[in-house]
Structures are given as C-alpha cells and as structure tokens.
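# Fold the following for me, if possible:
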Amino acid sequence: EAYSHQTATIGSTKTNRIGTFKCWTSFLLSIGLTGLYLEGLSKFQQNIVMSAFAQALREAAFSSSKRENSVEGTVNATLSYVAQAFRSNNRPDSRLDVDGKMCFIL
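Numbers count the residues shown, from 1 in each chain. Coordinates of the predicted model:
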C-alpha cells in the first residue's frame, strides 16, 4: 500500500509539473515573450514577469476549472515548479531579487 501511495504521489507531482510548464509557456506567449527562461531580461524584469505570472495564477487566468481565484498554496507551488525548471536548466531562480532574496512583489 505504501508503494502504491508513493507511486501515485510521484505521478501526481509529474502531472502538476507538466501542467505548470504548459501554463508558464501559455503565459509567456500571452505577454509576447518566447524565451522560456527569460533570457535577456534583467533580474528586475524577471521579477516583474514572475509577479505578473503570480497574479495571473491568482486570477485563475489559465485554469481549466471555473474557479474565480486560486488559493495561495496553489500559486506558491506553481511558482516553485517554475523555479525548479529554471534551476534544472542551470538558470537562476527568477523569483529571487539581485540580493538573492524572494522578490518583495511576489
């Protein structure tokens, strides 16, 4: 039973990450950006993009459900998955400011 619970959890996490990345790419296209990892943008500009993404998530702009707003935990988890994708591809965490702290506008 523990094995099947672990397998289900891993599958759910992978599904969430895939969904998150689809949402991220849709968001970037909606604002006219094509670089998945915000190439060529300053740290401040990256923070602004991540903040706008967080707001879109809060408003459930890319949600397939009919909810009006997403809860804070969902927004934080989604931002965390995006940050993991950045780090997995040797890119800096775009949630962090120039001092390496979580950007205050997030």
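
# quick one: least confident helix or strand in the chain?
Least confident helix or strand, the chain: helix 2-30 with a mean of 69, by mean pLDDT, DSSP states H and E.

# If you average the pLDDT over stretch 94-102, what comes out?
Average pLDDT, stretch 94-102: 93.

# Give me the buried positions along that stretch.
Buried residues in stretch 94-102, counting neighbours by 16 or more other Cβ atoms under 10 Å, are found at 94, 95, 96. C-beta: built from backbone N, CA, C; applies to glycine.

# same deal with stretch 18-34?
For stretch 18-34, by 16+ other Cβ under 10 Å, it's 20, 23, 24, 27, 28, 33.

# name the element the closest residue to the first one other than its chain neighbours belongs to?
Closest residue to residue 20 apart from its sequence neighbours, by Cβ to Cβ, 6 or more residues apart in numbering: residue 81 at 4.1 Å. Using DSSP states H and E, residue 81 maps to helix 72-88.
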